[in-house]
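K.L.:
Predicted model and sequence below, questions to follow.
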Amino acid sequence: MQQVGIVYEIIKTSVIVTVLAGILLLTGCDRPPQQGPPHPMGPPAVSVVTVQTGEVILTTELPGRTSAYRIAEIRPQVSGLILKRLFEEGSDIKAGQVLYLIDPAPFQAALDSADAALARAKANLPPLRSRAERYKELLVDKAVSQQNYDDTVSALKQAEAEIASWQAQVKSARINLEYTKITAPISGRIGRSNVTVGAIVTAYQPIALATIQQLDPMYVDVPQSTADLLRLKSRLQKGLLQAQGEEQNKVKLILEDDTAYPLDGILQFSDITVDKTTGSVTLRALFPNPEGVLLPGMFVQAVIREGVNEQAILIPQQGVSRDPKGNPYALVVDGESKAGFRPLTLDRAIGDKWLVAAGLAPGDQVIVEGLVMLRPGTPVQTAPFDPTATGKNPAGGPGAPPQKPGEGGK
């Protein structure tokens, strides 16, 4: 039995050794062949745009609010009872149209009374005039005293003055009677009525009976900071911008739903008073509004022309990066086909491009694609930038985060 156990252990050990040898053999077969040293890579490929100057119309988009061309608050000029309202709320009104009717009875009575008093004063005038003429003739023959003549002349003048006074009162009574018909001073659209039939109103009361607004044309009031205004004047004086004559005064409008208003407006004037709270002045533009699209109080965006920059430099926005302090810069290809660092001064964004105020010159090659891991001083292989070939960036594709200056050699 002891010999059988020894033989069994020997067989068991042999099987284990055989299995381990097979595993090692299989592992050795799956091992890849040893690779040689990597081949050196060539210069990274980048896409560039060549800087060129061109003519660009510069505009400023400013928020504004519409206001009616004319506003008339309707108030009574005499006191009385409202008998009728002769318009529909929200309707279009013509100038001179009767809106309200105040009870005319007391004003008609005052006119009749003044007419009667005027007639009485006129009836007393002829006898006094005849007496004064007769006394004047008798005074030559000493038939009447000087005192009697003077008294008659004085009475005649008083009668004439009384007639003039009653004539004025008749005119005033007739005006007040006309004021019982409250008419529209301007044409436009009338709002809701603040009084109803039967209400008592007073002359020149603080609360308007209704309000009429002329909606065609319409004003658009736009605030502009004095800093922007001074900068614009300075650029025009230095010749950096060229005015466009009549085109300079044209203004475009963008409505609240981001649609463009189809008609252009005209810049009317710039206010001369600076708002102390905002540091801005108000620009006023006039827009035709034949369809009534613009309503008073709407928020809009006014696109105002500044002028024409005849030597403008535009580069794609993806070619501009920011350093840790937020300062803009670009990488350009120098004469040795190496990437060079170039700090920029940007004016504004125009579409998908930046308007460069300083930092670039015509002929510079700005790297637009291939900025991933690209550092100043690195040799590069250039190719023209194709804005239509999206997703074909030779160095990692557009949209990759740009390399910050100072991270590596410059």
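P.N.:
Ah, there it is. Numbering: from 1, shown residues only.
K.L.:
quick one: strands adjacent to the longest strand along the chain?
P.N.:
Taking DSSP state E as the criterion, the chain has its longest strand at strand 53-74. Using DSSP bridges, strand 53-74 pairs in its sheet with strand 210-225 (antiparallel), strand 299-316 (antiparallel).
K.L.:
what about that strand, distance to the chain center?
P.N.:
Centroid separation for strand 53-74 versus its chain: 5 Å, with CA atoms, centre = their mean, to the nearest Å.
K.L.:
switch to numbering from 58
P.N.:
Renumbered: residue one is now 58, and that last one reads strand 110-131.
K.L.:
Okay, buried residues for that strand please.
P.N.:
113, 115-116, 119, 121, 123-126, 129, 131 (16 or more other CB atoms under 10 Å). Placement of C-beta: from N, CA and C, glycine included.
K.L.:
if we can go back for a sec, switch the strands paired with strand 110-131 over to JSON lines; also include distance to A440.
P.N.:
Putting the strands paired with strand 110-131 into JSON lines (distance: least, CB to CB, whole Å) gives the following:
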{"stretch": "strand 267-282", "distance to A440": "43"}
{"stretch": "strand 356-373", "distance to A440": "15"}
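K.L.:
comparing those strands, which gets the lowest mean pLDDT score?
P.N.:
Of all these, strand 356-373 carries the lowest average pLDDT, namely a mean of 85.
K.L.:
one step back: output the contacting helices and strands for the helix or strand just after the longest strand of the chain.
P.N.:
For strand 110-131, the following helix or strand on the C-terminal side (DSSP states H and E) is strand 137-142. Judged by 3 or more CB pairs under 8 Å, 6 or more residues apart in numbering; DSSP states H and E, the packing partners of strand 137-142 are strand 155-159, strand 257-258.
K.L.:
Which residues are in contact with the residue nearest to L324 when sequence neighbours are not counted?
P.N.:
Leaving out its chain neighbours, the residue that sits closest to L324 by CB to CB, 6 or more residues apart in numbering is N306, at 4.4 Å. Counting by CB atoms under 8 Å, 6 or more residues apart in numbering, N306 makes contact with 323-324, 362.
K.L.:
What about D315, how many residues nearby?
P.N.:
For D315, the number of neighbouring residues by other CB atoms under 10 Å comes to 7.
K.L.:
before we move on, back to that, as CSV, the strands paired with strand 110-131 with mean neighbour count and distance to G137 would be great.
P.N.:
Shown next, in CSV, are those (neighbours: other CB atoms under 10 Å; distance: least, CB to CB, whole Å):
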stretch, mean neighbour count, distance to G137
strand 267-282, 20, 17
strand 356-373, 19, 41
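K.L.:
now the angle from the helix ranked longest in the chain to strand 137-142?
P.N.:
Ordering each helix of the chain by length in residues (DSSP state H) puts helix 162-197 first. In terms of direction (axes from the mean of the first three to the mean of the last three CA atoms, to 10 degrees), helix 162-197 departs from strand 137-142 by 120 degrees.
K.L.:
May I see the buried residues of the helix or strand just after helix 162-197?
P.N.:
Next along the chain after helix 162-197, taking DSSP H and E as the criterion, comes helix 203-236. Neighbour-count burial for helix 203-236, with 16+ other CB under 10 Å as criterion, is recorded at 206, 209-210, 213, 216, 219-220, 223, 226-227, 230-231, 233-234, 236.
K.L.:
packing partners for helix 203-236?
P.N.:
Judged by 3+ CB pairs under 8 Å, 6+ apart, the packing partners of helix 203-236 are helix 162-197.
K.L.:
got the angle between the helix it packs on and helix 203-236?
P.N.:
Interaxial angle, helix 162-197 versus helix 203-236 (the same axes, to 10 degrees): 160 degrees.
K.L.:
Give the other helices and strands that helix 162-197 contacts.
P.N.:
Partner elements for helix 162-197 (3+ CB pairs under 8 Å, 6+ apart): helix 203-236.
K.L.:
check contacts around the nearest residue to F344 once chain neighbours are set aside.
P.N.:
Closest residue to F344 apart from its sequence neighbours, by CB to CB, 6+ apart: G322 at 3.8 Å. G322 sits next to 277, 307-310, 342-345, 359 when contact means CB under 8 Å, 6+ apart.
K.L.:
Enumerate the beta-bridge partners assigned to G322.
P.N.:
Bridge pairing for G322 (DSSP bridges) gives the partners V308.
K.L.:
and it, how far is that from I329?
P.N.:
Computed with CB to CB, to the nearest Å, the distance linking G322 and I329 is 21 Å.
K.L.:
Kindly report the same for L175.
P.N.:
To I329, L175 is 52 Å away according to CB to CB.
K.L.:
what does W411 give?
P.N.:
Per CB to CB, W411 is found 35 Å from I329.
K.L.:
which one of those two has more residues nearby?
P.N.:
Applying other CB under 10 Å to W411 and I329 shows that W411 carries more neighbours, namely 22 against 7.
K.L.:
Can you list phi and psi of D315 for me?
P.N.:
Backbone torsions for D315, taken as degrees, to the nearest 10, come to phi 70, psi 20.
K.L.:
Tell me who's in contact with it.
P.N.:
No contacts exist for D315 under CB under 8 Å, 6+ apart.
K.L.:
rerun at 10 Å
P.N.:
Applying CB atoms under 10 Å, 6 or more residues apart in numbering, we find D315 in contact with Q358.
K.L.:
Tell me the confidence at it?
P.N.:
On the pLDDT scale, D315 gets 89.
K.L.:
and what of the one 4 residues further on?
P.N.:
You'll see P319 listed with a pLDDT of 92.
K.L.:
Now do the SS call for it.
P.N.:
Per DSSP: H, G, I helix; E, B strand; the rest coil, the local secondary structure of P319 is coil.
K.L.:
Might one say that it is in contact with L351?
P.N.:
No. Using CB atoms under 10 Å, P319 makes no contact with L351, being 11.4 Å away.
K.L.:
Quick check: neighbours shared by these two?
P.N.:
310, 345.
K.L.:
Between these two, point out the one with more neighbours.
P.N.:
Legend: neighbour count by other CB under 10 Å for P319 and L351, higher for L351 (25 against 10).
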